[in-house]
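Q: Give me coordinates for this.
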Amino acid sequence: MRFINKIVLVLGGTGHIGSVVASAFEKEGAKVCRHGRSGKYAADLKNEKDVDLLVTKVLSDHKRVDVVVNAVSHPVKIGSFDKKTWSDFEAHFQVQLKGGFKVIQGLLPIMKANKTGRIVNILTSYVIGQPPSGLADYIAAKYALLGLTKSLAKELGRYGITVNAVSPSLIKSDFAGNVPEKLFDLTAAQTPLGRLATAADVAGVVLFLASDEAAYITGQNIVVAGGSAIL
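A: Residues are numbered from 1 along each chain as shown. Below is the predicted model of the structure:
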């Protein structure tokens with residue numbers, strides 16, 4: 001019960017990874033605000049007014065937030081770069097980067113005042129080494145989020161706020177519904193541990209980074225890839 005009375009906001013908390021992360025926090029005593037397309041903390045992260053209302057609602061209900069997990073993403077669509085449009089890129093940047101940016105910025109005053117906070121961004125192991133073809137929009141947004149993670153870690157450390165990232169390899173879920181089945185099989189076969197990553201694998205690392213045990217870890221990107229992306 002490492003998170004008794006802690007307030008956790010999970011962006012994408014009704015999605016595959018986000019819901020597992022949220023449930024893991026709840027099992028350890030946290031009060032979790034699950035952002036999603038519906039429910040008590042529903043918000044369209046592409047809409048600045050929605051984001052402002054989300055932050056206001058969370059703070060109205062709980063007065064503070066101790067942990068923010070950014071596990072949201074625009075749906076992945078595989079396609080060659082010459083077939084992508086700028087709107088494809090904008091969608092990923094607005095949801096993953098701008099949405100996370102607006103939420104974090106809205107919560108920073110209370111985190112700074114309390115001299116504590118944990119921010120964890122969910123990326124992808126594709127930011128390490130060679131990415132696959134057809135995902136330029138998705139991967140570009142994840143690289144931008146990695147840059148934000150490192151920059152915020154440098155800037156916010158003086159306030160006792162840590163900022164880290166978790167980068168899982170391919171996970172089989174509805175979110176990856178456009179991914180060919182053969183890519184799942186190939187990824188598992190090429191992974192030293194012989195299987196795909198799971199949302200539970202990600203949740204364990206997120207909880208560690210949000211815990212007191214990781215109080216001296218910031219600006220890091222933890223790769224959860226079964227050995228398929230060794231640094």
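Q: List the buried residues of the helix or strand containing Glu90.
A: Taking DSSP states H and E as the criterion, Glu90 maps to helix 86-92. Across helix 86-92, burial judged by 16 or more other CB atoms under 10 Å covers 88-89, 91-92. All C-beta spots, glycine's among them, are computed from the backbone N, C-alpha and C.
Q: Run through the residues that contact the residue nearest to Ile7 when sequence neighbours are not counted.
A: Excluding the flanking residues, the one nearest Ile7 by CB to CB, 6 or more residues apart in numbering is His62, at 4.5 Å. Counting by CB atoms under 8 Å, 6 or more residues apart in numbering, His62 touches 7, 31, 33.
Q: Buried ones among these?
A: Burial by neighbour count, 16+ other CB under 10 Å: within those this picks out 7, 33.
Q: what's the pLDDT at the residue lying closest to Thr116 once chain neighbours are set aside?
A: Nearest non-adjacent residue to Thr116, counting by CB to CB, 6+ apart: Gly160, 4.7 Å away. With respect to pLDDT, Gly160 scores 98.
Q: burial count for Gly160?
A: Using other CB atoms under 10 Å, Gly160 has 14 other residues around it.
Q: likewise Leu97?
A: Leu97 has 21 neighbours, counted by other CB under 10 Å.
Q: Which stretches in the protein count as strands?
A: Using DSSP state E, the strands of the chain run over 7-11, 31-36, 41-42, 67-70, 117-122, 161-168, 221-224.
Q: which ones are touching Ser169?
A: Applying CB under 8 Å, 6+ apart to Ser169 gives the contacts 124-125, 187, 191, 196-197, 223-226, 228-229.
Q: where does the protein have low pLDDT?
A: Scanning the chain with the threshold set as pLDDT under 70 gives 174-178.
Q: For it, give the helix that spans the most residues.
A: The residue-count maximum for a helix in the chain (DSSP state H) belongs to helix 136-156.
Q: That one packs against which elements?
A: Contacts defined by 3 or more CB pairs under 8 Å, 6 or more residues apart in numbering; DSSP states H and E place helix 136-156 against helix 86-92, helix 99-114, strand 117-122, strand 161-168.
Q: mind putting those in JSON lines, distance to Val202 included?
A: As requested, the helices and strands packed on helix 136-156 are arranged in JSON lines below (distance: least, CB to CB, whole Å):
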{"stretch": "helix 86-92", "distance to Val202": "19"}
{"stretch": "helix 99-114", "distance to Val202": "16"}
{"stretch": "strand 117-122", "distance to Val202": "7"}
{"stretch": "strand 161-168", "distance to Val202": "5"}
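Q: Tell me which of the ones you listed is the most buried.
A: Ranked by mean neighbour count, the helices and strands packed on helix 136-156 are led by strand 117-122 with a mean of 26 (mean count of other CB atoms under 10 Å).
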